[in-house]
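Peer 1: Let's see this in three dimensions:
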Amino acid sequence: MIGSSNVSYGVVGASVAATAAGVYGTSTNGAGGIFGGGRAALNLVPKTTAGKPTTGAHYPGDLVVDSAGALFLCTAPGTPGTWVKVTVSAA
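Peer 2: Got it, this is the predicted structure:
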């Protein structure tokens, strides 16, 4: 299996630049990334504070989970960007 691993991670990427991604994927005709997992398809590590980001440059499509587990989506670029709280119904 391509990209398989019997250790913690199949793919690792890191960046120290403020505006760069640790891992980048793109496709002209398909999905930029496809994720699957036995426990979860994707895990977003919560930030240590509650609420939407109030500092730093952000771009449309940025997703942030706060310390309370709330999900925020950036809808317009800026410092700190324009954010909406994603609301859902209980499953």
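
Peer 1: CA only for contacts and neighbour counts going forward, please
Peer 2: OK.

Peer 1: Pretty sure residue 35 is one of the things residue 41 touches, is it not?
Peer 2: Yes - between residue 41 and residue 35 there is a contact at 5.3 Å, judged by Cα atoms under 8 Å.

Peer 1: residue nearest the centroid of this protein?
Peer 2: Most central in the chain under Cα atoms, centre = their mean is residue 63, positioned 5.0 Å from the mean C-alpha point.

Peer 1: so where does the residue nearest to it when sequence neighbours are not counted fall, helix or strand?
Peer 2: Of all residues not flanking residue 63 in the chain, residue 73 sits nearest, at 4.8 Å (Cα to Cα, 6 or more residues apart in numbering). Residue 73 belongs to strand 71-76 when assigned by DSSP states H and E.

Peer 1: can you pull the buried residues of that strand?
Peer 2: 71-76 (16 or more other Cα atoms under 10 Å).

Peer 1: Out of those, which comes closest to residue 46?
Peer 2: residue 71 (9.1 Å; Cα to Cα).

Peer 1: ok, so what distance separates the residue nearest to that closest one when sequence neighbours are not counted from residue 51?
Peer 2: Distances taken as Cα to Cα, 6+ apart place residue 65 nearest to residue 71, at 4.5 Å, with adjacent residues excluded. Applying Cα to Cα, to the nearest Å, the value for residue 65 to residue 51 is 9 Å.

Peer 1: shouldn't residue 26 be in contact with residue 32?
Peer 2: Yes - the criterion here is Cα under 8 Å, and residue 26 meets it with residue 32 at 4.0 Å.

Peer 1: would you list the buried residues of strand 71-76 in JSON lines and tack on distance to residue 16 and pLDDT?
Peer 2: Output for the buried residues of strand 71-76, formatted as JSON lines (distance: Cα to Cα, whole Å; pLDDT from 0 to 100):
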{"residue": "71", "distance to residue 16": "24", "pLDDT": "97"}
{"residue": "72", "distance to residue 16": "23", "pLDDT": "98"}
{"residue": "73", "distance to residue 16": "23", "pLDDT": "98"}
{"residue": "74", "distance to residue 16": "22", "pLDDT": "98"}
{"residue": "75", "distance to residue 16": "25", "pLDDT": "98"}
{"residue": "76", "distance to residue 16": "24", "pLDDT": "98"}
